[in-house]
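[1] sequence first, then the predicted structure:
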Amino acid sequence: MRFDLFNELSVPAYSQQKERQVYNDTLAQWVLGEELGFSTGWLVEHHFMPEYSHSSSPDLFLAAASQRTSNLRLGHAIVPLPYHHPIRVAERISTLDLLSAGRIEFGFGRGFSPQEYAAFGREMRDSRSYTEESLAVIQQAFSTGEVNFRGQHFNFSGLPVLPRHYQQPHPPIWTAAVSPDSFEFAAQQGIGVLVGPFKPWFMVREDIRHYRTAWQQHHGFEQQNPALNPRVAMTIGIHCHQDNQIAHEQAREGMVWFYRQLLGQTRGVLERLYESYEYYRRFRAFRSILGKALTLGTLESLGMAIVGDPAYCIKRITTLKNAGVDHILLSFGAGVLPQTQTLASMRLFAEQVMPALGA
């Protein structure tokens, strides 16, 4: 299992932090993460989500991080492909790969915000077709350096796409996966899945089983080259402290705030049934229940957060590992706890949890 960092660049009003401080603190966390042996730093892309996420230009942040680190891999999770021109995506990912000397992980998805779709001039009903065509264009650019493509949304002939990426054959590709169709698509394409953090663990566990079964059907399992096998990355909020009670006292307000904000961002897609987002209807009742009684205890019982001492963290993460999670994307303090607590949690985790799990 690889241990990664995950950030939303949250700027809670109650914390009275400024955006610049959040950006600088996150860069400092990633620099420390590299020193402590974390594998990858992942950053989201969201728009028009005050407080919850101020990460609207993650490629620029990743470029900055590439110059402050030398070994930490840098994850773009995710590029919402319907909002972006695929040629520009291929160009930006390759540029980041050059700047980082081959440390970029490319994650893509459809996005889920009606407001984002409206602002960027796309229809949600076309999300799958845009995503699939865009991915095909990007894969062709990565593979040959030239794009010849004719589809419903894009038509290109003999376009040379520059620069060329550093990694061979190309940066690892991941997709955000929520619905069973997304897991099936990822297995067919032979790419990794990014899951969580707004589904309870019992649902994610079944998704992983479905993905691995579908992968077996399409590709089998490669014994000689494990890199060609299924890859599952799961995001989860975490806070680790030597004293279990103190861990909960420190994490309670920030964790609940973060997950309340996260669930609130799904309101738009849940209030109206959008074509190709039918699966989200399953979250209506779940979101309603959490909205009424969202507590840290509830989040923990649903497997959506890990808060406690090192022994507890080891126990919880072992469960994820045994179910097939290869990368765990750790949102230390949900990205909103004070910097001193976040850095202390990272150090303790690296010193006592990671070695116990073979890292």
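    Thanks, I have it. Numbers count the residues shown, from 1 in each chain.
[2] for the protein, give the helix that spans the most residues.
    Looking across the chain with DSSP state H, the single longest helix is helix 244-265.
[3] helices or strands next to that one in the packing?
    Judged by 3 or more C-beta pairs under 8 Å, 6 or more residues apart in numbering; DSSP states H and E, helix 244-265 is in contact with strand 232-240, helix 283-292, helix 296-301, strand 305-308. For glycine as for every other residue, the C-beta is placed from the backbone atoms N, C-alpha and C.
[4] and those, which one averages the lowest pLDDT?
    Of all the helices and strands packed on helix 244-265, mean pLDDT reaches its minimum on helix 283-292 (a mean of 58).
[5] sorry, back to before: what residues sit buried inside the longest helix of the chain?
    For helix 244-265, a neighbour-count test (16 or more other C-beta atoms under 10 Å) marks 247-248, 250-251, 254-259, 261-263, 265 as buried.
[6] swap in stretch 214-225?
    Under 16+ other C-beta under 10 Å, the buried positions of stretch 214-225 are 214-215.
[7] what's the first-to-last distance across that stretch?
    19 Å (C-alpha to C-alpha, to the nearest Å).
[8] can you tell me what sits against it?
    Stretch 214-225 is contacted by residues 183-184, 187-188, 190, 228-230 when judged by C-beta atoms under 8 Å, 6 or more residues apart in numbering.
[9] likewise stretch 140-151?
    Stretch 140-151 is contacted from outside by 86-87, 90, 94, 133, 136-137, 155-162, 164-165, 169-171, using C-beta under 8 Å, 6+ apart.
[10] stretch 103-110 now?
    For stretch 103-110, the external contacting residues (C-beta under 8 Å, 6+ apart) are 40, 42, 62, 66, 69, 71-82, 89, 93, 96-97, 127-128, 130-131, 134-135, 138, 165, 167, 171-176, 194, 276.
[11] same question for stretch 349-359.
    Outside stretch 349-359, the residues that touch it by C-beta under 8 Å, 6+ apart are 1-3, 36-38, 238, 240, 310, 313-314, 317-318, 321, 330, 332.
[12] okay if I get the contacts of stretch 214-225 as a markdown table plus neighbour count?
    Converted to a markdown table, the contacts of stretch 214-225 look like this (neighbours: other C-beta atoms under 10 Å):
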| residue | neighbour count |
| --- | --- |
| Phe183 | 26 |
| Glu184 | 18 |
| Ala187 | 22 |
| Gln188 | 13 |
| Gly190 | 14 |
| Leu228 | 14 |
| Asn229 | 17 |
| Pro230 | 23 |
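[13] out of these, which sit inside strands?
    In strands, judged by DSSP state E, none of the contacts of stretch 214-225 are found.
[14] among these, show me the least confident.
    Leu228 (79).
[15] distance of that residue relative to Gly324?
    For Leu228, the distance to Gly324 equals 16 Å [C-beta to C-beta, to the nearest Å].
[16] ditto for Ala305
    Here Ala305 is placed at a distance of 20 Å from Gly324 (C-beta to C-beta).
[17] same check, this time on Thr95
    Where Gly324 is concerned, Thr95 sits at a distance of 33 Å (C-beta to C-beta).
[18] same question, Arg212
    From Arg212 to Gly324 the distance is 6 Å (C-beta to C-beta).
[19] what do the two both touch?
    Pro230.
[20] same question for the helix or strand harbouring Arg128, mean pLDDT?
    Per DSSP states H and E, Arg128 falls inside helix 127-144. Averaging pLDDT along helix 127-144 yields 97.
[21] do the same with stretch 263-278
    62.
[22] Ile238 - how many residues pack around it?
    26 (other C-beta atoms under 10 Å).
[23] and it, what does it touch?
    305-307, 313, 330-333, 345, 349.
[24] hang on, the earlier thing: more neighbours, Ala305 and Gly324?
    More crowded of Ala305 and Gly324, by other C-beta under 10 Å: Ala305, with 25 against 15.
[25] tell me the bridge partners for the more buried one.
    Beta-bridge partners for Ala305, by DSSP bridges, are Gly237.
[26] quick one: it from Ala251, how far?
    Distance from Ala305 to Ala251, by C-beta to C-beta: 8 Å.
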